[in-house]
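# only geometry, no sequence info:
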Ligand SMILES: [Zn+2]
């Protein structure tokens, strides 16, 4: 799942910069609302529960479970061809939010719903270290 020219790189903007900074440092960061304590992902300017604007960053445990997944067997472009077959999954994080990611480090055929996973980071560029998940 390493970076290849032609792969889509996520945009880094004012809302997401602290998130990507955390990824570079090997820390999965989530936003928490100071008003209602809601924890959310992906980064936004307001709380998705109460619309509050006082959001801070917390370090997630990196633990989660596979909520749903699919195995990609046909690459969407040449850049992804070396990766197939690979797993695209919704990960239910221990802190509550769900994030889309990849499950790596195992045979895709062994991935199951509710499988416990832990975050790991794959350095794609100077700016982007992509969070992915491995079975625990
Ligand atoms: Zn809130």
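Structure's in. What do you need? On a predicted model such as this, the values are computed, not experimentally measured, just so you know. Residues are numbered from 1 along each chain as shown.
# Quick one: residues contacting the closest residue in space to residue 113 that isn't next to it in sequence.
Excluding the flanking residues, the one nearest residue 113 by C-beta to C-beta, 6 or more residues apart in numbering is residue 66, at 5.7 Å. Using the backbone N, CA and C atoms, a C-beta is placed for each residue, glycine as well. Residues in contact with residue 66, defined by C-beta atoms under 8 Å, 6 or more residues apart in numbering, are 89, 90, 91, 92, 103, 111, 112, 113, 114, 115, 117, 133.
# what about residue 64, neighbour count?
A total of 26 residues lie near residue 64 under the criterion other C-beta atoms under 10 Å.
# quick one on the thing from earlier: could you say which helix or strand holds the residue nearest to residue 113?
Following DSSP states H and E, the helix or strand that holds residue 66 is strand 63-72.
# Bridging across strands, which residues link to residue 66?
The partner list for residue 66 in beta bridges (DSSP bridges) reads residue 91.
# per-residue pLDDT, it?
For residue 66, the model assigns a pLDDT of 98.
# could you measure it against the ion, distance?
27 Å (C-beta to the ion, to the nearest Å).
# mind pulling up the phi and psi values for the residue in the chain sticking out farthest from the centre?
Ranking residues of the chain by C-alpha distance from their mean position (C-alpha atoms, centre = their mean) puts residue 35 at the top, at 25.0 Å. The phi and psi values for residue 35, taken as degrees, to the nearest 10, are phi -80, psi -40.
# I figured it hits residue 46, correct?
No. Contact criterion C-beta atoms under 8 Å: residue 35 and residue 46 do not qualify, at 10.4 Å.
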